[in-house]
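Participant: Build me a structure from this.
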Amino acid sequence: MNSRLSPRLTPLLLALLPLLANAQSHDPAVAQDKITVLPGVEVTAQREATPRKDGLDAWGKATLHDTPAAVTVVGRERIEARQIRSLSELGHADAALGDNYAPVGYYQNLSIRGYALDLGTGYRNNNLAMTGEQPIALEDKQQVEILKGLAGLTAGVMEPGGVINFVSKRPADVRTLTLGADSRGSLYAALDAGSWLTPRFGLRANLAWESLHSFVQHANGRRSFGALAMDWNPTERTALQLDISHQDSAQRSASGYMLLGGTRFPERVDRSQMLGYQPWQQPVAIRATNASARLQHAFNADWTLRLALGRSRSVIDDRVAFAYGCWYVAACAAGSPPNYFAPDGSYDVYDYRNPGDTRTGDEARATLEGRFTTGNIGHDLTIGVNAFHRGINRHWHVNDYIGTANINDPLPPVFNPSPKQIGPRVQRVNSWQRALFALDRLSFGPHWQLLLGVRHVRLSEQARSKKNVLERDTHLSHTLPQVALLWRPDEALTVYASYGEGLSLGLQAPSWTSNDGDSLGPRLSRQIEAGLKYRWTPQLDFEAALYRIHQPYQYAQPDTSWAGFTFVQRGEEVHTGLEVSANGRLSDATGLHASFAVQRARAQGTGTAAFDGHQVVNVPRLRATIQLEHRLAGLPGLTVQGGWRYASANPATPDGALQAPAYGVFNVGLRYDGVWGERAFSAQLGVDNLFNRFYWRDTGSSQGDNYLFPGAPRLLRLTLRVSL
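Facilitator: Predicted coordinates:
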């Protein structure tokens with residue numbers, strides 16, 4: 001795999017960089033009485049700690065303070081201050097988030113409120129769907145918006161936990177070089193350059209290169225990234241934004257551990273060991289491209305048309321010596337469940353090859369927004385149409401048993417690769433979602449607002465086996481309502497209550513069940529939520545939300561079939577939780593980001609008494625995260641940083657018999673902001689997992705199997721950022 005930037009994208013970026021670096025800065029804030037298009041802002045330590053935005057698609061274009069949903073916004077300052085470079089690290093920013101199958105060397109997934117995000121619709125780029133099967137680069141992102149809870153009005157068919165939207169940087173007069181290194185030998189470089197070339201036309205380019213040295217042996221990798229953003233305001237009423245990015249990455253993927261015999265956790269784990277490693281195995285290579293175009297035109301002061309197009313494509317050369325189960329181990333033949341490691345720590349090794357695994361997402365959306373009054377009632381109306389296509393094209397892959405190893409082996413035995421070859425290419429999934437949606441925000445005086453929203457979605461989806469046999473042909477039409485009531489007694493406080501419904505696709509039966517490969521029917525989710533948002537000071541926001549989510553429960557039910565399990569839909573999975581957060585600055589010198597989430601996630605009415613009433617797998621009852629920074633008065637420019645995150649015991653089996661132990665992880669750091677000559681710079685030194693704590697960070701599921709991933713050991717990271 002060639003780790004260089006896309007040949008078509010790289011020359012354009014390189015040609016534009018000198019122009020951006022030398023262009024004279026222009027003021028883009030042209031007098032506009034209908035649309036005000038602001039450039040990105042390059043700010044320093046005095047930046048507002050909680051970024052603002054003019055609204056989310058799910059709830060109209062009101063401010064976040066007037067959005068009746070729990071939303072966390074992670075701004076550029078926070079991304080840089082915490083040296084966040086991966087999706088899993090981003091998950092530490094809010095206690096409602098957690099890892100859900102996030103291996104080293106592979107694309108990662110998160111859960112929100114205990115539900116794994118939908119890889120087709122759960123991740124969004126500038127409010128357009130992006131394929132989740134890619135390592136998500138953050139160099140070109142201005143902020144990340146985490147919408148917690150049902151968002152059917154935004155994404156249509158999706159899991160009920162929420163969505164994560166990545167917002168691109170906009171053109172600004174900025175030229176910044178970032179260099180980084182860590183104690184394992186990783187190296188990092190990034191360039192951010194932009195300018196308004198005329199008062200109405202601006203560009204911004206981001207380039208990044210990274211040599212990755214993992215804590216897992218044989219899992220070093222590399223990554224290169226390029227992005228270009230363009231803003232053009234041809235008239236005072238019209239604005240056009242274009243974005244394109246491409247990333248190449250290559251890294252061997254580390255398999256997860258599994259419970260021993262399904263009854264106990266592995267002990268004395270060497271987290272640097274790559275399970276099943278074979279010298280001939282190649283890195284997993286992922287090439288991802290994301291592009292979007294957004295046009296906004298104001299007809300007058302009250303009515304605006306917005307058009308948006310997006311394309312996301314990820315091509316995965318999936319190649320791994322995969323550690324899984326114990327189907328070929330004698331200890332399992334004696335009665336131990338074969339979809340776990342053997343009681344003595346033995347496991348099977350598979351030669352898995354699936355090159356050219358291609359995931360695409362294409363979305364088009366048109367919305368009309370307007371304001372008017374009927375009597376004493378004000379209306380902020382949004383109506384629109386949306387079309388989304390998702391495709392998955394894969395070869396007839398190789399997944400062949402090649403030998404057996406043990407977690408206690410200093411080095412896994414070396415086996416010969418499978419002689420089997422990749423088969424023909426098949427379109428495994430062809431999915432279309434078409435939707436009509438509308439939202440009206442009714443204002444009854446200065447203190448009360450009622451939001452009424454609806455999305456009518458039509459889904460047509462075909463799923464085929466690797467042998468091109470039609471396994472599922474889904475056609476459905478459903479209307480998803482969304483309603484909320486807001487009370488604003490003053491400018492500082494908003495209290496809300498909301499109800500919404502969502503639709504998600506049925507899950508596929510695991511390989512070890514009697515109906516292997518069958519996909520169950522779609523699931524209708526319902527959520528009620530009540531919350532408040534309080535602006536304690538102009539620099540500090542406090543939020544609290546209480547919610548309850550219902551979704552049909554799909555699981556492997558023990559029975560007398562030949563496999564011993566059949567994948568069924570019975571009963572409900574009910575998540576009830578409380579989230580509390582504080583974000584901003586306690587003073588000019590002290591910043592705070594803290595969140596707390598307690599959740600009761602239970603299955604009920606499943607028909608399997610052993611599973612009823614227990615906490616759902618990979619959903620700790622309690623998570624908390626605190627991040628503090630304090631600028632020292634006696635040492636101008638020096639800031640002390642500290643962080644702590646905690647997760648209570650994490651269930652690993654549906655009957656509640658096994659739980660990963662609770663853990664707490666501490667991080668510390670120093671940052672110095674200064675001026676060298678005439679150039680501003682920032683130097684950061686951080687230590688992750690200060691006390692080198694061993695913990696199981698994830699007991700999540702992939703394709704019906706649960707894996708155990710250890711948290712990373714202590715890591716020292718150094719970053720230098722210089723304005724050129």
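
Participant: Check which helix or strand residue 331 maps to.
Facilitator: helix 330-333 (DSSP states H and E).

Participant: which residues touch that helix?
Facilitator: 261, 325, 326, 338, 342, 343, 344, 346 (Cβ atoms under 8 Å, 6 or more residues apart in numbering). C-beta coordinates here come from the backbone N, C-alpha and C atoms, glycine included.

Participant: buried set for stretch 212-232?
Facilitator: 212, 214-216, 218-232 (16 or more other Cβ atoms under 10 Å).

Participant: returning to what we had before: any idea which of the contacts of helix 330-333 is closest to residue 533?
Facilitator: residue 325 (47.3 Å; Cβ to Cβ).

Participant: The closest one contacts residue 346, doesn't it?
Facilitator: No: the pair residue 325 / residue 346 is not scored as a contact, 10.0 Å apart, by Cβ atoms under 8 Å.

Participant: what touches both of those two?
Facilitator: By Cβ under 8 Å, 6+ apart, residue 325 and residue 346 have no common neighbours.

Participant: one step back: which of the contacts of helix 330-333 are buried?
Facilitator: Applying 16+ other Cβ under 10 Å to those flags 261, 325, 326, 338, 342, 343, 346 as buried.

Participant: my read: the fifth one touches residue 260, true?
Facilitator: Which is residue 342. Yes: Residue 342 is within contact range of residue 260, at 7.0 Å (criterion: Cβ under 8 Å).

Participant: count of neighbours near residue 560?
Facilitator: Residue 560 has 7 neighbours, counted by other Cβ atoms under 10 Å.

Participant: quick one: pLDDT of it?
Facilitator: The confidence metric pLDDT takes the value 90 at residue 560.

Participant: Doesn't it belong to a helix?
Facilitator: No: per DSSP: H, G, I helix; E, B strand; the rest coil, residue 560 lies outside any helix segment and is coil.

Participant: State the distance from residue 212 to residue 186.
Facilitator: 5 Å (Cβ to Cβ, to the nearest Å).

Participant: Tell me where the model's unsure across this protein.
Facilitator: 1-60, 152, 466 (pLDDT under 70).

Participant: And the helices in it, which stretches?
Facilitator: 10-22, 76-81, 87-90, 152-155, 330-333 (DSSP state H).

Participant: right, and residue 605 touches residue 574 too?
Facilitator: No: look at residue 605 against residue 574 with Cβ under 8 Å: they stay out of range, at 9.7 Å.

Participant: Among these two, which residue is more densely surrounded?
Facilitator: Per other Cβ under 10 Å, whichever of residue 605 and residue 574 has more neighbours is residue 574, with 17 against 12.

Participant: how close does that one get to residue 604?
Facilitator: 6 Å.

Participant: and residue 317, how many neighbours?
Facilitator: 17.

Participant: Identify the bridge partners of it.
Facilitator: Following DSSP bridges, residue 317 is listed with bridge partners residue 285.

Participant: okay if I get the contacts of helix 330-333 as CSV plus distance to residue 425?
Facilitator: Listed next are the contacts of helix 330-333 as CSV, based on distance: Cβ to Cβ, whole Å:
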residue, distance to residue 425
261, 39
325, 28
326, 32
338, 31
342, 36
343, 40
344, 40
346, 35
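
Participant: Out of the residues you listed, which is nearest to residue 143?
Facilitator: Among the contacts of helix 330-333, and counting by Cβ to Cβ, the member closest to residue 143 is residue 325, at 41.6 Å.

Participant: Tell me who's in contact with that closest one.
Facilitator: Contacts of residue 325 by Cβ under 8 Å, 6+ apart are 258, 332, 338, 339, 340, 341, 347, 348, 512, 705.

Participant: Same check on residue 88?
Facilitator: Counted by Cβ under 8 Å, 6+ apart, residue 88 has contacts 99, 102, 108, 110.

Participant: run the last query once more with 10 Å
Facilitator: When contacts are counted by Cβ atoms under 10 Å, 6 or more residues apart in numbering, residue 88 is found next to 97-99, 102-104, 108-110, 697-698, 709, 711-712.

Participant: And residue 126, by the same measure?
Facilitator: 141, 165-168, 229, 241, 243, 290, 292-294, 308, 310.

Participant: Please narrow the buried ones among the contacts of helix 330-333 to those residing in strands.
Facilitator: Judged by DSSP state E, these include residue 346 as members of strands.

Participant: Between the buried ones among the contacts of helix 330-333, which sits nearest residue 383?
Facilitator: For the buried ones among the contacts of helix 330-333, the nearest to residue 383 is residue 325 (51.0 Å; Cβ to Cβ).

Participant: where's the closest one relative to residue 418, distance?
Facilitator: Taking Cβ to Cβ, one finds residue 325 at 17 Å from residue 418.

Participant: And residue 443, by the same measure?
Facilitator: The gap separating residue 443 from residue 418 is 65 Å, by Cβ to Cβ.

Participant: more crowded one of these two?
Facilitator: With neighbours defined as other Cβ under 10 Å, residue 443 and residue 418 compare such that residue 443 has more, 18 against 15.

Participant: Now the more buried one: closest residue in space that isn't a chain neighbour?
Facilitator: Closest residue to residue 443 apart from its sequence neighbours, by Cβ to Cβ, 6 or more residues apart in numbering: residue 378 at 3.8 Å.

Participant: Same check on residue 85?
Facilitator: residue 138 is the one closest to residue 85 (Cβ to Cβ, 6+ apart), at 6.3 Å.

Participant: Let me see the contact set for the one you found.
Facilitator: 74, 76, 79-80, 84-87, 89-90, 144, 166, 190, 206, 208, 225 are the contacts of residue 138 under Cβ under 10 Å, 6+ apart.

Participant: still on that earlier bit, top of the contacts of residue 325 by neighbour count?
Facilitator: Most surrounded of those: other Cβ under 10 Å gives residue 341, at 30 neighbours.

Participant: ok, back up a step: as TSV, the contacts of residue 88 with neighbour count would be great.
Facilitator: Shown next, in TSV, are the contacts of residue 88 (neighbours: other Cβ atoms under 10 Å):
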residue	neighbour count
97	27
98	28
99	23
102	22
103	23
104	24
108	21
109	25
110	26
697	20
698	27
709	21
711	19
712	20
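
Participant: what about residue 335, neighbour count?
Facilitator: Residues near residue 335, counting by other Cβ under 10 Å: 9.
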